[in-house]
Structure formats: C-alpha cells, structure tokens
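*Asks:* dropping a prediction and its sequence here:
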2 protein chains.
Amino acid sequence: MDKYVSEAVIRRLPKYYRKLEELEARGVERISSSELSAEMELNASQIRRDFNCFGGFGQQGYGYQVKKLKNELYHILGLDQTYRCAIIGAGNIGRALLLYKGFGAKGFHMDAIFDINPELIGQQMEGVTIRSMFDFDTYVKEHQINVGIICTPSNTAQEICDKFSALGVRAIWNFAPCELKGPEWMCIENVHLSDSLYTLAYRVNNE
Amino acid sequence: MDKYVSEAVIRRLPKYYRKLEELEARGVERISSSELSAEMELNASQIRRDFNCFGGFGQQGYGYQVKKLKNELYHILGLDQTYRCAIIGAGNIGRALLLYKGFGAKGFHMDAIFDINPELIGQQMEGVTIRSMFDFDTYVKEHQINVGIICTPSNTAQEICDKFSALGVRAIWNFAPCELKGPEWMCIENVHLSDSLYTLAYRVNNE
C-alpha cells in the first residue's frame, strides 16, 4: 500500500473488522455503505473513503460482501500472521493479558512473562512459568519474540523498551502510564488506562 | 466552563496531568510552554491554546508553576471527587482492575465486583466478595455507585449498560469489545484492548 493512510483511518480498521465479525455471526451476507453507516454511526462517504485507501472492495449498487471484506481486513491488519509476545511485569495487568484467551485466537501468542520479583519467579500460570529478567535477552532471541508487552511501573518501562529495541523487537504494547521513546522502526502502542479513566471523570463532571 | 472543549483537548488533559506529576517528582517548580513542549512532543502554542480553554494558568515570561498547574488539572479532571465503582465480570480484566491499587489513590474506589458464574460468586478477592448479579440493583442503589465498569463478554455488555442507565449511573468504563449505546446524559469511555493490539499489528506490518 503506497497510499498514505491517516492515523484516524488506521484506528477505525479494527472497528470495521469487529463490526464485520458481528454481521457475519448474525448471518448478514452483504451490506451497503449506508447500512454499515447506520450500524456504526459513521457517515457512508467516510466509510467509502476509508475502504478506498485500500483499493475499494465494494461494488456500486451491490455494496460489500461481509465475509470477503472481513477477510480483507483480517489480512490488512496483519491478523493472518503469528506474533510471539513476551509480557514484562507479572502484576495484575500482566497476568490478565497472559490468561486472556482471546488474543491467541487472533495469532497473538503470549509465550512468556517476566518479572524481577524473586517471589514470583518460577510460579506457573496456566502452563506458563514466570521467568527472571536475567533470562530476558536469551529468551527473546531464541524464541524470536516480536511483540513486547510492557506492564511494569513507569519508572522501569523505558529501560525495558530499550532492551526490546536493542534486540530488534519492533512492536511494543505499552501499559505503563508513561510515554516511551524508541527508534523510528519501532511501533509503540499505548494503553493508558488511567488516562482513559480520568477522561471519563472529566466528561461526567463537565458534559 | 462554558467554552466548548474539543475531544482532542480532553484527551490531552490526563497526559498533561501525568507529565506535571512527573515534573513535580523531579523537583521542577516552574516550566515554560516551550520547555513543556520539548518534554511532551507537542508544540508550545498548542499547549498554550489547550490551557487557555480553562482560563490560562501561565504568566508571560514566567511560565507555569508546576504544582499549581497540576492541582488545577486535578480539579478540572474531577480527581478531587470520590467515585464509587462497580465492576461487572470477574474475569481476568475485571479482577485486575479490582486488585490494582493505583485507581483508589485517585478517588476511584472499586467497591464491588459482580458475576453470574455460581462458582465465582462468594469468592473473596482482597476483602471484596464477588457478588451475584441478582444483588446488582439493590447494591448499586444502596451504595450510590456512580461508575460502572463493564468487563463482560460483548454479548451481555449492552444489557449491563442498560441496567446501569436504568439506575441513573452516568459513567461507564467499557472493556467489552463492542460499542455501547446509552442515554445522552451517560458518558461511555471505551478501552478496546483488541483494537489497540490490531492497530499495533497493522502498524508493524505497514510502517
């Protein structure tokens, strides 16, 4: 895809994918951009423009084939690939991500979890052992980890991010409540739970 | 605040707050918009415009007093208030949110957790009992719950959201991977973990 795809479009792709999964489950075989618009509270021309970034998929007067479009998005999102993930930090969030089954079904395998707390190291969680950070470099290299999931406190998150970048890991999913810096080839995606909660507090007090 | 504050500005408020907490911890007493700009990778005029939405706070040639600005944002975000939260769904994410200590320090009290699974109901987690959904209405009313945290699968999330709205709960923090609809007075904030992960997959494959 040579065409520049904006951040806003990229953020909508998973929402389209989710909606198409739901439509398929409901037995819907095809859908027009205006029907999809009503389902998603997006306007129809926006939807057509978004899909045009990737070469269209629709047919005038016919609409979109749900299953086909879903499969295209699956491919575009890279969900047809396998991701080997290592979680750093076996706290509440790290454990929840390790135990959640939904990601595996989409190709994201939670291969390993690391911590520095000696009381946690060696514990088993659904067949995965909590490993020491001393084994981090070797493990990441040997198991070709390509996604790093950072669930540590803020004060060590950048150091962990640097470790991943030194090992050439390109994708970082960051749950620490801070911004991380990495080389240009690294993709850092943040889930700032407290930001989300504070935004909710703001809105409930001001809207 | 009568002035219209855009979604983008609202989303930046928690980031400013976080940065100011960090600056305060580092002993920084005042900061100019251009220094803050360098710290946050936002441009200085953007920062001034954002703060102007709330009446300014800065002084020409002096900059911002870190502690004062942090306290103002604390108030603007509504963190000086108390939120009584009920979590629905005692799965991995629901439990992680219940056990995480950080939210309580900011006034968000995880008062209760509910589930429909009889094997979970009655279990204790750090002093909080997993309750049956049969007790939901009574509990929410009696304990004046004002934040509903939805950690159920998608197929029941809307029903839970409707239950909260019937009880007048205005704030919903939604972790179910679906969009929820509520009355206009309800504020729904989504944390779509899988969307975030899929976006990361897209970026790592296309950037």
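*Replies:* Here it is on my side, so go on.

*Asks:* can you show me the strands along chain A?
*Replies:* A:30-31, A:64-65, A:83-88, A:108-115, A:124-125, A:128-132, A:147-150, A:171-174, A:187-190 (DSSP state E).

*Asks:* can you tell me which of these is packed in deepest?
*Replies:* strand A:147-150 (a mean of 27; mean count of other CB atoms under 10 Å in any protein chain shown). Where you see a C-beta, it was placed from the backbone N, CA and C, and this is true even at glycine.

*Asks:* and it, what does it pack onto?
*Replies:* Packing contacts for strand A:147-150, counted by 3 or more CB pairs under 8 Å, 6 or more residues apart in numbering or on different chains; DSSP states H and E, involve strand A:83-88, helix A:154-166, strand A:171-174.

*Asks:* what mean pLDDT does that strand get?
*Replies:* What strand A:147-150 shows for mean pLDDT is 98.

*Asks:* other residues contacting that strand?
*Replies:* A:83-89, A:94, A:97, A:108, A:110, A:140, A:157, A:160-161, A:164, A:169, A:171-176, A:180, B:200, B:204 (CB atoms under 8 Å, 6 or more residues apart in numbering or on different chains).

*Asks:* try 6 Å this time
*Replies:* A:83, A:85-88, A:157, A:160, A:164, A:169, A:171-174, A:176 (CB atoms under 6 Å, 6 or more residues apart in numbering or on different chains).

*Asks:* partner strands of that strand and their direction?
*Replies:* strand A:83-88 (parallel), strand A:171-174 (parallel) (DSSP bridges).

*Asks:* now the ones you listed as JSON lines including distance to B:N190 and mean pLDDT?
*Replies:* Converted to JSON lines, these look like this (distance: least, CB to CB, whole Å; pLDDT from 0 to 100):
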{"stretch": "strand A:83-88", "distance to B:N190": "22", "mean pLDDT": "98"}
{"stretch": "strand A:171-174", "distance to B:N190": "17", "mean pLDDT": "98"}
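
*Asks:* looking at these, which is nearest to B:R12?
*Replies:* Smallest distance to B:R12 across these (CB to CB): 17.6 Å, for strand A:171-174.

*Asks:* mind listing what A:G94 touches?
*Replies:* A:G94 touches A:I87, A:I113, A:C151, counting by CB under 6 Å, 6+ apart.

*Asks:* also A:I160?
*Replies:* A:I88, A:I150, A:T152 are the contacts of A:I160 under CB under 6 Å, 6+ apart.

*Asks:* and which of those residues is nearest A:E41?
*Replies:* A:I150 (32.8 Å).

*Asks:* quick one: that closest one and A:T156, what's the gap?
*Replies:* From A:I150 across to A:T156, the span is 9 Å (CB to CB, to the nearest Å).

*Asks:* one more: A:R95?
*Replies:* For A:R95 relative to A:T156 (CB to CB), the value is 17 Å.

*Asks:* more crowded one of those two?
*Replies:* Using other CB atoms under 10 Å in any protein chain shown as the criterion, A:R95 and A:T156 rank with A:R95 on top: 24 against 15.

*Asks:* what is the burial count for the nearest residue to A:G63 once chain neighbours are set aside?
*Replies:* What sits nearest to A:G63 in space, not counting adjacent residues and going by CB to CB, 6 or more residues apart in numbering or on different chains, is A:S32, at 3.7 Å. When neighbours are defined as other CB under 10 Å, A:S32 has 15 of them.
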